[in-house]
Every structure is written in C-alpha cells, then in structure tokens.
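Asker: Sharing a sequence plus its predicted fold:
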Amino acid sequence: MNSEMAPSSHLSGSIEVERKFVPGPEVEKSLYALGAELLKEITFRDSYYDCPDLRLTLSDCWLRKRGDSWELKYPPQPGARGLIGASTQYLEVTEEDKIICKVSEVLGVPTPPSIEAFCLNEFASFVTRRRSFQLPLEESSGTMAVVDLDEADFGFAVGEVEIIVQTQEEVQNAFQKVEEICKKLGVFQESAVQGKVSTFLQLNRVEHYKQLIEAHII
C-alpha cells in the first residue's frame, strides 16, 4: 500500500481492513492460544445486487442485503481499489439514505426514494455459517481484531481477520496488525485469498467473474 495516500479525515462510515485466509484444522486452537474469545455463532443469507451492465461491481461497489438490512461497501478513496496487495480496505455504509446517494452517484442516475427503486438484479445469494472470535491487540488502546471463520452453503470455507478504523490515517497500521495476526495464526500467505462472493461468481456466473478479473477488481 502507498504510504503517501492523500490524507483523509473522518468518513461517513467505518473502514474495514481485512485479510482473508484458508482456515486449516488448527486455526481455532491457535486463536484460543492467542487469547481469543468466541463472540458468536450465526447463520445468515447474503444477497448481492447490481444493474445489468454491472456498473456497481465493476466500480468495486458491493451492495448486499443481509437479512432485512442493506449494506454497501466501496473503497474509501475515489479512484482507489479495495484490494491492496493481499488485504482489502472498504468503507462500509449501512444507512439507507447514504447508500442511495452513493449508488445514484456511481450509476449516474437521479436519487430514487428507496434502494428497491433502482430495480437492480440479484446476482448472488448464499447462506453462511459464521463463528466470530474477538482477539485483543497487544497495545493498551482497547482496539480489538475480529476473526471470522465462514462456511458457505455452496461448499466453500474461508477465514478473515478484520480491524475496523475510522480514518484513512489509521489504515496502514491496521494493515500491519492484520498481517501480524495472520502470521501468528500460521495462515499467512503472500497472495490474496478469494472470498465467498468471488468464488460464488467463479462457480455460477462465469462471465461476470471474468469481467471483474479483467477490470482488476478481484
């Protein structure tokens, strides 16, 4: 990641800094050895949406509905990509009015009264069983890392280490901490690990997947 990124101030959402990994059989044992605590075990369905010409995902904007709630993830800096090396950084927005404004901006259309009024197409939908662990960081700032172990209903398992920050100035340090945690867990690798959505598209929507590869989004 370029350390000379333009300075940012407080953004209209949290920045998720995360790194995916392949979860081996010993990863939970390693988590407990590092002092992690199991936060929750949940099952949920994610459904992802885009317009027919795929302008959202080809702009690295990911609109999903989890249960009854909408979420939008996109890179926190204009023109940047969410994928930075083998890690990612995305601004997560959950307020529907802010989601509508951002989607309108990306699509270049007037602001509608609701997300449903965009008339977008569902391009992926799957159920995930997740075990979430909280891992305290070494310094006394009170910041925590979250480690999720996911199993999707289409036969794919992935883990991710995530730290949430509020400003761009904190991102570089969060990247380093996420990498350190992966190394301590014995799951670190230099190349990026594919996530659930990318794998779903590779298996079920090959043309969409190819376009995202060509656009260097995944």
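Answerer: Thanks, I have the structure now. Numbering: from 1, shown residues only.

Asker: Which neighbouring elements make contact with the lowest-mean-pLDDT helix or strand in the chain?
Answerer: For the chain, counting by mean pLDDT, DSSP states H and E, strand 83-84 ranks last in confidence among helices and strands (a mean of 74). In terms of contacts (3 or more C-beta pairs under 8 Å, 6 or more residues apart in numbering; DSSP states H and E), strand 83-84 is packed against no helix or strand at all. Heads up, the C-betas are built off the backbone N, CA and C, glycines and all.

Asker: could you pull out the strands for this protein?
Answerer: 14-21, 37-50, 62-66, 69-74, 83-84, 87-93, 121-136, 144-152, 156-165 (DSSP state E).

Asker: By mean pLDDT, show me the worst of those strands.
Answerer: Mean pLDDT is lowest for strand 83-84 among the strands of the chain, at a mean of 74.

Asker: Can you list the strands that it pairs with?
Answerer: Strand 83-84 pairs in its sheet with strand 87-93 (antiparallel), by DSSP bridges.

Asker: relative orientation of the strand it pairs with and strand 14-21 in degrees?
Answerer: Here the directions of strand 87-93 and strand 14-21 differ by 140 degrees (axes from the mean of the first three to the mean of the last three C-alpha atoms, to 10 degrees).

Asker: CA atoms only for stretch 148-156, dumped as PDB, please.
Answerer: Taking Å, rounded to 0.1, in the frame of the first residue of the first chain, the C-alpha atoms of stretch 148-156 are listed here in PDB:
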ATOM      1  CA  ASP A 148     -14.400 -14.800  11.300                       C
ATOM      2  CA  LEU A 149     -14.500 -18.500  10.200                       C
ATOM      3  CA  ASP A 150     -17.100 -18.900   7.500                       C
ATOM      4  CA  GLU A 151     -18.700 -21.900   5.800                       C
ATOM      5  CA  ALA A 152     -20.900 -21.100   2.800                       C
ATOM      6  CA  ASP A 153     -23.700 -23.300   1.600                       C
ATOM      7  CA  PHE A 154     -22.100 -23.900  -1.700                       C
ATOM      8  CA  GLY A 155     -19.200 -25.800  -0.200                       C
ATOM      9  CA  PHE A 156     -16.600 -23.100   0.400                       C
END
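
Asker: returning to that earlier point: would you list the strands of the chain in TSV and tack on distance to residue 196?
Answerer: Listed next are the strands of the chain as TSV, based on distance: least, C-beta to C-beta, whole Å:
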stretch	distance to residue 196
strand 14-21	9
strand 37-50	8
strand 62-66	11
strand 69-74	13
strand 83-84	15
strand 87-93	13
strand 121-136	7
strand 144-152	5
strand 156-165	6
